[in-house]
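build me a structure from this.
(one chain, ligands or ions: 1)
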Amino acid sequence: MSDFDSLAAATQAARTVRPTGVERSFGQDEVIVTKTDLKGRITYANDVFCRVSAIEEADLLGRPHSIIRHPEMPKAVFQLLWDTLKDRRELFAYVVNLAGDGAHYWVLAHVTPSIGPNGEVVGYHSNRRLPDPRAIREIEPIYRTLAAEERRHGRAADAARVGADLLHQMLAERNTDYDRFVWSLTNGAAA
Ligand SMILES: Cc1cc2nc3c(=O)[nH]c(=O)nc-3n(C[C@H](O)[C@H](O)[C@H](O)COP(=O)(O)O)c2cc1C
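Okay, the predicted model is just below:
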């Protein structure tokens, strides 16, 4: 098998992982870290990421982050993530990820562009911490509603647009935006 074939086979295998419904946790003092290039391909993953994701480092480097994408994660949140990064801004987001063994784990992610010596964006960086379960109880039904709506649309672009509109509407009804909502959960949960 050529390098390309084995890469394609491993990526395919990672994509067909079925969620088992088993939730995984990690330490409150631990940080899950990855770095990516400009296309979002993983260039660095720390040992906490490998352990919690149940994927070896050699199977991660060069892969897109979507290999740990959970089917219940709304596309709208990733659209917001990439729009924010392209704007050279940082984002805090609640994300549920799928591990290589089918377990899932929730994180509060802080994703930022990495700036090079000439002020140019050279890649992206994500630090993820263990969220408070009370915050997850708030965000989970919102994500479930968004993902269900998105699934009704076949084309990925349509699904992301409809999801983004619905997310905007749900947040507007709460008189907030994603950033402030995430912080209200984070601070409220920590209180
Ligand atoms: C630094 C960085 C970290 C990311 N972390 C995750 C992550 O933990 N989980 C995830 O599903 N996507 C993550 N993404 C987003 C993915 O690149 C991708 O947009 C997302 O998984 C949606 O995949 P899809 O377009 O195949 O549906 C990250 C992107 C960047 C730039």
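
would you map the strands across the chain?
For the chain, strands defined by DSSP state E occupy the ranges 32-36, 42-45, 91-98, 104-115, 121-129.

tell me the buried residues in stretch 79-90?
For stretch 79-90, burial by neighbour count (16 or more other CB atoms under 10 Å) applies to Gln79, Leu80, Leu81, Thr84, Leu85. C-beta: built from backbone N, CA, C; applies to glycine.

likewise for stretch 139-154?
So for stretch 139-154, counting by 16+ other CB under 10 Å, buried means Ile139, Ile142, Tyr143, Leu146, Ala147, Glu149, Glu150.

anything in it near the ligand?
No - judged by CB under 6 Å from any ligand atom, stretch 139-154 and the ligand are separated, with a smallest distance of 10.0 Å.

now do that stretch: everything it contacts.
For stretch 139-154, contacts defined as CB atoms under 8 Å, 6 or more residues apart in numbering pick out 71-77, 94, 96, 159-160, 162-163, 166-167, 170, 185.

gap between stretch 180-188 and the chain center?
Averaging C-alpha positions (CA atoms, centre = their mean, to the nearest Å) puts stretch 180-188 18 Å from its chain's average.

so for the ligand, which of the strands of the chain sits nearest?
strand 121-129 (3.7 Å; CB to the nearest ligand atom).

gap between that closest one and the chain center?
Distance of strand 121-129 from its chain centroid, counting by CA atoms, centre = their mean, is 11 Å.

list just the nearest of the buried residues of stretch 139-154 to Pro133.
For these, the closest approach to Pro133 (CB to CB) belongs to Ile139, at 10.8 Å.

and the gap between the closest one and Glu56?
30 Å (CB to CB, to the nearest Å).

follow-up on the earlier one: and the strands of the chain as JSON lines, adding distance to the ligand, mean neighbour count and mean pLDDT?
Shown next, in JSON lines, are the strands of the chain (distance: least, CB to the nearest ligand atom, whole Å; neighbours: other CB atoms under 10 Å; pLDDT from 0 to 100):
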{"stretch": "strand 32-36", "distance to the ligand": "5", "mean neighbour count": "19", "mean pLDDT": "98"}
{"stretch": "strand 42-45", "distance to the ligand": "8", "mean neighbour count": "18", "mean pLDDT": "97"}
{"stretch": "strand 91-98", "distance to the ligand": "5", "mean neighbour count": "21", "mean pLDDT": "98"}
{"stretch": "strand 104-115", "distance to the ligand": "5", "mean neighbour count": "19", "mean pLDDT": "98"}
{"stretch": "strand 121-129", "distance to the ligand": "4", "mean neighbour count": "18", "mean pLDDT": "98"}
